[in-house]
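1. Show me the folded form of this:
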Amino acid sequence: MLWSASVLSTASSDTEPTVVITFDSAKYIFNVGENTTRAFLQSRQNWKKTRALFLTSVGTQRASGLPGLFMTLADAGQSQMQITGPCGLLHLIASMRKYTYRDNLIVTPAEVPLVPPCTEAEERSVYRDDNISVFALPVVPSETPLQLASPRGEAAGTFKRKREDSPERSSKRLLNQHGADQLAGDITTTAKLLRKAACAPDFDPASLDGGVAQAWRQLLIQSMFPASQVLSEATDQNGQEKCQEKRKTKGRGVNTKTDASSTIERGPFPPKFSKPLPVPERALSGSSDPALKPTVAYAIVGPRIRGKFDGKKAVDLGLPPGPLRARLVKGENVTVQVKDSNGNVVDRQIKPEDCIGESVTPAVVLLIDTPTLAHIPALLSSFVDSRHFSDYLWKHAKDSKRHKVQAIFHLCGDGVLEDERYKTFMNDFGPEVHHIVASRRYLSNTITFTSAAYSQLRLNQLDPNIFPIQKYSCTADQAISDVPGLPAHVTAMQKNVLINLHPPRPPLLDLDTGKGDLFHPAVSSGSPLVLPESTRGSFADAQTYVAHAESEETCGGDVTICPLGTNSAMPSKYRNVSATLIRIPHYGYVLLDAGEGTWGQLARKFGDDLTSTSSVWQVLRELKCIFISHMHGDHHIGLAKLLAMRQRLDPPCNAPLYVVGHDNVFLYLHEYAALEELGLSPCSKSPVISISVDAIHWKNDFFSPRVEVAFRSSIIAHRDMCASLGLESFRSVDVVHRTSCHGAIIKHEDGWSIVYSGDTIPTQKLVQAGENATLLIHESTMADDQAEMAAAKMHSTVGQAIEIGRRMKARNILLTHFSARYPNIPPSVTTEHNPGDPTLALAFDHANIKIGEMWKMNAYIKAIEQSFMDLENENEATQMEGVDDIDIP
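-> The predicted structure is shown next:
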């Protein structure tokens, strides 16, 4: 049985470490940071056969790619998924309920308690199937003032939320009538009781705590993934030991051949579905401070592989080929008749060990997440105190035939690897173990998404100002081999590192997965990139035209548009999902939407050097506004990561960041902020202020008493935001999409204006609200020959977007949000240009496009098309041709 561990992504500007355990029959993914889905697309690895996900921490660093991966797996035909992580996992998934849901996916979450196991019985595996057994060890930083919960999950002491005395709500009556133990014990019964109780007008989910609060979160998760109800109900009716029995079966509790997940239809959401979640108690989920956040270490124990069958020995013992040999291989004793030395026929019993070699000791992989120095004491004491994990230390395991530690993946924060305590811990595993370490100081910052970077490298020869090369480094700040006192076999965790566990081999770079990388060989060659003759000629023609063209002075001409994501629905190798950065000179930045991976796109564009005055950290300081058009995941999943990274600014940014969005955006952010600090509370460093998109509707009169009373705080915040950006106004306009969606109308005091469409079919409201815009940024998901599909999905075609710009009398149009069916460049953009028509340009990830230079982008269209055509001829994959867009409900 072959199995291995590989590094899908490592710690870099745009990814966090993700490790994949691979068997022929299944895969297991450990940690799902931002861009995990896109990393699969770039790599030759894939997510097929994924059975389970495991998180070492619940937060943006380890889990912000989870909603995108859930939806991608479901749309790829995955029917069920087990996910295991620390306490807070249920709250994390339930907080996604407004934008993450798939009818055909069974999701089975399991939380690892922060209470260290006290007995051998409590150290049972958190996951088990026919390939692996996974054991978990909670690591709670010693500086965390955490009072651990009782086994029933009731919070202790000061960490239980304090509430003012209030009349008995229906949620309290539910507890009084049925008791917390009963409600927390039976999933189906609890769900029915909670649904019934939630119908009461005074039911308040936020008032729930302990096991009942967990049951409410589970009910919401079942509503997000209705097929999960099949699993829970079937298990309850069978009266089995739910969690343990599900883990023992390959099918994760449901027969994959007979489950009905593909035919499940979404029922009504539970009453109070949109009400705030119960706040997770600190005694259950730990600190929301990233420096003190609990983590979980995992031990992945592989199968015991039987020894080789010795056919010659079998013949010598009188065991012929046939069914008896098969029984022997299964571990049974068999009896054969043979002649003794006297020629008499006698029975001979043959045992498996008589013909079968010694079995291979199960290999063990450890994954240890130590983000801060404060985690080290807790890690060391937890390891020693654990009956199971202490056995992996060399003094216990060197002569053991129960298991053999072959590889340890270390996720180390700043200063951890250099700490003498941690070095001693690493050496305690013995001289033969391979250590694969992710520590930023000892890792190069090579490009992750090489297809996009290579395309940009080519276009850089067309116009280096508009198409700058992404920030990267092929060398680490320091070689890991220079760290004294480390074990003998230590390897930096580069992407595509592969270690075979059976048969065992040392870690090496998997050359097959890196074959599509054209970027790094090009930049490492020491000579300029040589383009095909057809591309060079096309570039030269475009450059000659631009050099001789006369440009006009444009109001707002120095305002720069930086597309960060131009794909719709899901990322591709060349394009990320929606995000557009606007730089207003002397004032700062505005971000329009923030799809998953927006932080990484910013970091690759500006660099993440803390000492640079133009790095992504400075952009975060100067970022004044983030506008979220709607709740579809490809437009906002990256928002929480941005806010969490902003909290790391040192010194903090005293000026507020204004987030403009729908109420559901703020519901999600406030619920998520219970797990990780985002800057939403009044006392936060680097504060964030919310503005309701309804408050600033373009038809609202701010002086109307009705509007002023309903949206007073948003109106005040709007005034302050406009002052900070030099804006005359920042208004929203409702557009027509499959969910509530708004465009934005930005008008500056200098006289220029930008209109952003969000996702929409062509709508007259946008034309009216944005009349005479300097720039229209409009979605153009489909080509003109896909108008019917565009209408069905509530999107616009290229031609429809251009027509909206004409009717609006916009001076410039920037098209974006292209379907994944057009991985390089959308068709039908070379429309006839009539006098007075807007200047048309296409958005490309990482471009710098000044409004006054939109005409250049128009002049470059044919040259860009030629570059992509030649790129395909260089055998760079044009993935996803003919693939329909992922359906977003």
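2. Setting aside sequence neighbours, what's the nearest residue to the spatially most central residue of the chain?
-> Closest to where the C-alpha atoms of the chain average out (CA atoms, centre = their mean) is residue 65, at 0.6 Å. With sequence-adjacent residues excluded and distances taken as CB to CB, 6 or more residues apart in numbering, residue 65 is closest to residue 36, at 3.8 Å. Yep, even glycine has a C-beta here, placed from its N, CA and C like the rest.
3. Kindly report the same for residue 585.
-> Nearest residue to residue 585 in three dimensions, chain neighbours excluded: residue 558, at 5.3 Å (CB to CB, 6+ apart).
4. surely the one you found meets residue 850?
-> Yes - between residue 558 and residue 850 there is a contact at 6.0 Å, judged by CB atoms under 8 Å.
5. Contacts only, for residue 63.
-> By CB atoms under 8 Å, 6 or more residues apart in numbering, the contact set of residue 63 is 31, 32, 33, 55, 57, 85, 92.
6. which one of those residues is nearest residue 585?
-> Using CB to CB, residue 33 is the member of these that sits closest to residue 585, with 33.7 Å.
7. so which strand or helix has the closest one?
-> In this assignment (DSSP states H and E), residue 33 forms part of neither any helix nor any strand.
8. So what's the residue count around it?
-> Residues within reach of residue 33, counting by other CB atoms under 10 Å, total 26.
9. before we move on, what about residue 476?
-> 17.
10. residue contacts, it?
-> 441, 442, 443, 444, 492.
11. Out of those residues, which sit inside strands?
-> Per DSSP state E, strands hold the following members of the contacts of residue 476: residue 492.
12. now the contacts of residue 476 in JSON lines, with distance to residue 372 and neighbour count?
-> Below are the contacts of residue 476 laid out as JSON lines (distance: CB to CB, whole Å; neighbours: other CB atoms under 10 Å):
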{"residue": "441", "distance to residue 372": "15", "neighbour count": "15"}
{"residue": "442", "distance to residue 372": "17", "neighbour count": "22"}
{"residue": "443", "distance to residue 372": "18", "neighbour count": "23"}
{"residue": "444", "distance to residue 372": "23", "neighbour count": "15"}
{"residue": "492", "distance to residue 372": "20", "neighbour count": "19"}
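13. Burial check on the residue lying closest to residue 101 once chain neighbours are set aside, number of neighbours?
-> Spatial nearest neighbour of residue 101, chain neighbours left out: residue 224 (4.3 Å); criterion: CB to CB, 6+ apart. Counted by other CB under 10 Å, the residues lying close to residue 224 total 24.
14. cool, residue 657 as well?
-> Neighbours around residue 657, by other CB under 10 Å: 24.
15. Verify the stated contact: it with residue 685.
-> No - Residue 657 lies out of contact with residue 685 (CB under 8 Å); the separation is 11.8 Å.
16. list residues touching both of these two?
-> residue 679.
17. how far away is the residue nearest to residue 585 from residue 852?
-> 7 Å (CB to CB, to the nearest Å).
18. Compare neighbour counts for the two and give me the winner.
-> Ranked by neighbour count (other CB under 10 Å), residue 558 and residue 852 place residue 852 first, with 19 against 15.
19. Tell me which residues touch the more buried one, please.
-> Taking CB under 8 Å, 6+ apart, we find residue 852 in contact with 551, 553, 554, 556, 557, 558.
20. So among those, where is pLDDT lowest?
-> When those are compared on pLDDT, residue 551 comes out lowest, with 83.
21. Pop out the phi and psi values for it.
-> With angles defined as degrees, to the nearest 10, residue 551 sits at phi -90, psi 150.
22. show me the contacts for the closest residue to it other than its chain neighbours.
-> Nearest residue to residue 551, sequence neighbours excluded (CB to CB, 6+ apart): residue 855, at 6.5 Å. Shown in contact with residue 855 (CB under 8 Å, 6+ apart): 549, 551, 839.
23. In which helix or strand does residue 855 reside?
-> Here residue 855, judged by DSSP H and E, is contained in helix 854-859.
24. pLDDT averaged over that helix - what is it?
-> The pLDDT scores in helix 854-859 average 96.
25. Would you mind listing the buried residues in the very next helix or strand once past it?
-> Later in the chain than helix 854-859, the nearest helix or strand by DSSP H and E is helix 861-873. Neighbour counts over helix 861-873 (16 or more other CB atoms under 10 Å) mark 861, 863, 864, 865, 866, 867, 868, 870, 871 as buried.
26. Look up how far residue 773 lies from the third one.
-> Here the criterion is CB to CB. By it, residue 864 lies 24 Å from residue 773.
27. And the second one, by the same measure?
-> Using CB to CB, one obtains 27 Å as the distance from residue 863 to residue 773.
28. before we move on, what about the first one?
-> Computed with CB to CB, the distance linking residue 861 and residue 773 is 21 Å.
29. Please apply the same query to the fifth one.
-> Between residue 866 and residue 773 the distance, using CB to CB, works out to 31 Å.
30. which stretches of this protein have low pLDDT?
-> 116-123, 142-188, 228-267, 283-285, 288, 290, 397-399, 827-832, 875-889 (pLDDT under 70).
31. how about 50 then?
-> Along the chain, the parts satisfying pLDDT under 50 run over 144-166, 230-263, 876-889.
32. Where does residue 658 sit, in terms of helix or strand?
-> Per DSSP H and E, residue 658 falls inside strand 657-661.
33. give me phi/psi at the most far-flung residue of the chain relative to its centre?
-> What lies farthest from the middle of the chain is residue 342; by CA atoms, centre = their mean that is 73.8 Å. Main-chain torsions, residue 342, degrees, to the nearest 10: phi -100, psi 0.
34. go on, the one 3 residues further on?
-> Note on residue 345: backbone dihedrals following degrees, to the nearest 10 are phi -80, psi 120.
35. any idea how far the closest residue to residue 62 other than its chain neighbours lies from residue 493?
-> In this structure, residue 62 finds its nearest non-sequential neighbour in residue 31, 4.8 Å apart by CB to CB, 6+ apart. Computed as CB to CB, the residue 31 to residue 493 distance reads 12 Å.
36. okay, those two: which has more neighbours?
-> More crowded of residue 31 and residue 493, by other CB under 10 Å: residue 31, with 28 against 24.
37. Can you name the residues that contact residue 575?
-> Shown in contact with residue 575 (CB under 8 Å, 6+ apart): 452, 565, 566, 567, 818, 823, 845.
38. before we move on, back to that, so the residue nearest to residue 62 makes contact with residue 60?
-> No - with contacts counted by CB under 8 Å, residue 31 stays clear of residue 60, the gap being 11.8 Å.
39. what kind of secondary structure is residue 517 in?
-> Residue 517 falls in the coil class when you classify it by DSSP: H, G, I helix; E, B strand; the rest coil.
40. Likewise for the one 5 residues further on?
-> Assigned state for residue 522: helix (three-state reduction, three-state DSSP).
41. what's the neighbour count on it?
-> For residue 522, the neighbour count with other CB under 10 Å is 17.
42. Now it: closest residue in space that isn't a chain neighbour?
-> In this structure, residue 522 finds its nearest non-sequential neighbour in residue 529, 5.1 Å apart by CB to CB, 6+ apart.
43. Quick check, the one you found in contact with residue 458.
-> Yes - using CB under 8 Å, residue 529 is in contact with residue 458, at 6.8 Å.
44. Would you mind telling me which of those two has more residues around it?
-> When residue 529 and residue 458 are compared for neighbours, residue 458 comes out ahead with 23 against 14, by other CB under 10 Å.
45. Checking my notes, that one in a helix, right?
-> Yes - when three-state DSSP is applied, residue 458 is found to be in a helix.
46. Neighbours of the closest residue to residue 394 other than its chain neighbours, how many?
-> Among residues not flanking residue 394 along the chain, residue 430 sits closest, at 3.3 Å (CB to CB, 6+ apart). Burial measure for residue 430: 16 neighbouring residues, criterion other CB under 10 Å.
47. hang on, residue 430 is in a helix, isn't it?
-> No - residue state for residue 430 (three-state DSSP) corresponds to coil; a helix is not indicated.
48. Tell me the spacing between it and residue 438.
-> On the measure of CB to CB, residue 430 and residue 438 end up 21 Å apart.
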